[in-house]
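[1] Could you work out the structure for the sequence below:
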Amino acid sequence: MTETRAEIRLPTQELRDDLPFYTRTLGMRLDMIYPADDPQVAVVSGHGLRLRIEKGAPEGPGTLRILTEDPDSFAGGARELTAPNGTRIEIDELNPPLVLPTTEHAFVVRRLADQAPWVIGRAGMMYRDLVPSRLGGAMIASHIRVPDGPVPDMVHFHKVGFQLIFCIHGWVDVLYEDQGGLRRLHAGDCFIQPPQIRHRVVESGGGIEVIEIGVPAEHVTEIDHAMTLPTPDLRPDREWDGQKFVHNVGATGAFHPFRIPGFEARDTTVDAATRGVASVMVARPMTNAFAAQHPWTAHAGDILFTFVMSGHMLLEGEGKAPFRLSPGDAFVVPPGLATRYSEMTEDLQLLEVSLPGNPPTRVVAAP
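    Numbering: from 1, shown residues only. So this is what the prediction gives:
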């Protein structure tokens, strides 16, 4: 096999000034230098980089970022340095802690009829933003369409606090680390992807559409070039940051009374698997709810997101104009705001995602 290398060229005015900085301060190694009597070029490598430092090179000095697990012990603890040749060095954490922004609460309604744009995202998938404000960066909710057929995906993982994939149409096959072979998600099913679990989307069909919830809104996706899926071990009880993988099959769920009187819901087991980080429910009106007086309620959670999967309803909010909602519509209710679900059709089904899980809810007087 033919050997191939890549180098980044950096300029220098005086090589003898730069070499001690790159080798001693930054801990790189000298791989090549010439000519011997008056060195003009040196090649150093380290930290995944190979640098060609060349006297009189036409490029600008640029910026190097070095990521390390212990930045305080690297280069004397400095976070920014400038090499003698002018190259700026930024030193940062290799695995910085996940920062969850404070939720900027708002009453949000996003209707499919409003023609929110679909944009092309990762692996050719189409994304529709369901919460444009992202609640100040606290969460992202996307309606995603995946072209039928094989998906050009790679083994990857997300640095998140919580992530849900809920299938509303079609089917999709996904491979997950330590979860056996292909997992097929059908309409009504969901996956909880714990933080940093490796996975790869393989194939989809049937006009696949999913709802994806991610916390926080901006999170890193990394490709794992070393791992091959499926992995040899089946470890259903493994945890990632205290969360277990969930593959909930909607057809096997049972309905029980919901937090809103007059509704019933099936629990997707997400609350238990995430230790209360979130709950995911599929709610519908009880058969006797249509003749009953619909109550006003208010919840005491943080994030409460709802997507209309089927049917129609009227959403009323305290001090807000009412919204008639149809399939594909979504809304967010902030804590403490009195709301009421009314004028429901018998086929109404709602996907509700709450963080933390199962928010306390009380019936309140009509505004």
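[2] helices or strands next to the helix of greatest length in the chain in the packing?
    Longest helix in the chain by number of residues, with DSSP state H as the criterion: helix 15-20. Contacts defined by 3 or more CB pairs under 8 Å, 6 or more residues apart in numbering; DSSP states H and E place helix 15-20 against strand 29-34, strand 41-46, strand 49-55. The C-beta positions use only the backbone N, C-alpha and C, and glycine is treated the same way.
[3] any chance of these in JSON lines, plus distance to Val202 and mean neighbour count?
    JSON lines is the format used below for the helices and strands packed on helix 15-20 (distance: least, CB to CB, whole Å; neighbours: other CB atoms under 10 Å):
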{"stretch": "strand 29-34", "distance to Val202": "41", "mean neighbour count": "12"}
{"stretch": "strand 41-46", "distance to Val202": "37", "mean neighbour count": "19"}
{"stretch": "strand 49-55", "distance to Val202": "34", "mean neighbour count": "18"}
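[4] What sits closest to Asp347 if chain neighbours are left out?
    The shortest distance from Asp347 to any non-neighbouring residue, by CB to CB, 6 or more residues apart in numbering, is to Gly311 (4.2 Å).
[5] just checking, the one you found touches Arg324?
    No. Using CB atoms under 8 Å, Gly311 makes no contact with Arg324, being 11.7 Å away.
[6] Looking at the two, which is more packed in?
    Gly311 (17 against 12; other CB atoms under 10 Å).
[7] In contact with that one, which residues are there?
    327, 344-349 (CB atoms under 8 Å, 6 or more residues apart in numbering).
[8] Just the buried ones from these, in ChimeraX syntax?
    One line in ChimeraX is enough to select the buried ones among those; burial here means 16 or more other CB atoms under 10 Å:
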select :344,348,349
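[9] among the contacts of Gly311, which two are most distant?
    Pro327 and Glu346 (14.0 Å; CB to CB).
[10] who's Ala298 bridged to?
    Arg362 (DSSP bridges).
[11] distance of it from Gly328?
    For Ala298, the distance to Gly328 (CB to CB, to the nearest Å) stands at 26 Å.
[12] in the stretch 51-200 of the chain, which spans are helices?
    With helices called from DSSP state H, counting those that start in this stretch, the stretch 51-200 of the chain shows none.
[13] The helix or strand of the chain with the lowest mean pLDDT: partners in the sheet, and parallel or antiparallel?
    Using mean pLDDT, DSSP states H and E, the weakest-scoring helix or strand in the chain turns out to be strand 118-120, at a mean of 78. Applying DSSP bridges, strand 118-120 is found paired with strand 126-129 (antiparallel).
[14] So for stretch 223-238, mean pLDDT?
    Taken as a whole, stretch 223-238 has a mean pLDDT of 96.
[15] And the contacts of it?
    Here stretch 223-238 has contacts from 154-157, 175-182, 198-200, 244-245, using CB under 8 Å, 6+ apart.
[16] Give me the local confidence score for Ala123.
    Per the predicted model, pLDDT is 62 at Ala123.
[17] For the remainder of this discussion, apply numbering that starts at 56.
    Sure thing, new numbering starts at 56, so read that last one as Ala178.
[18] Any regions of the stretch 156-305 of the chain where pLDDT drops low?
    Where the stretch 156-305 of the chain drops to pLDDT under 70, the residues are 170, 176-179.
[19] Met399 in helix, strand or coil?
    Of the three states, Met399 takes coil under DSSP: H, G, I helix; E, B strand; the rest coil.
[20] unless I'm mixing things up, it is touching Thr342, no?
    No. Applying CB under 8 Å as the test, Met399 and Thr342 come out as separate, 11.5 Å apart.
[21] His311 sits in which helix or strand?
    According to DSSP states H and E, His311 maps onto strand 310-312.
[22] mean confidence for that strand?
    95.
[23] Return the list of helices and strands in contact with it.
    Going by 3+ CB pairs under 8 Å, 6+ apart, strand 310-312 lies up against strand 318-322.
[24] which helices and strands sit right next to the strand it packs on?
    For strand 318-322, the packing partners by 3+ CB pairs under 8 Å, 6+ apart come out as strand 310-312, strand 334-340.
[25] Go through the ones you listed and pick out the most buried.
    strand 334-340 (a mean of 23; mean count of other CB atoms under 10 Å).
[26] export that one as PDB, just CAs?
    This file holds the C-alpha atoms of strand 334-340, laid out as PDB (Å, rounded to 0.1, in the frame of the first residue of the first chain):
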ATOM      1  CA  SER A 334     -41.000  11.200  30.100                       C
ATOM      2  CA  VAL A 335     -42.500  10.400  26.800                       C
ATOM      3  CA  MET A 336     -46.300   9.800  26.600                       C
ATOM      4  CA  VAL A 337     -48.800   9.100  23.900                       C
ATOM      5  CA  ALA A 338     -52.100  10.700  25.100                       C
ATOM      6  CA  ARG A 339     -55.600  10.500  23.800                       C
ATOM      7  CA  PRO A 340     -59.100  11.500  25.100                       C
END
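[27] Including distance to Val418, could the helices and strands packed on strand 318-322 go into TSV?
    Formatted as TSV, the helices and strands packed on strand 318-322 follow (distance: least, CB to CB, whole Å):
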stretch	distance to Val418
strand 310-312	13
strand 334-340	16
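[28] Mind checking those strands for the one nearest to Leu155?
    That would be strand 334-340 among those, by CB to CB, at 17.4 Å.
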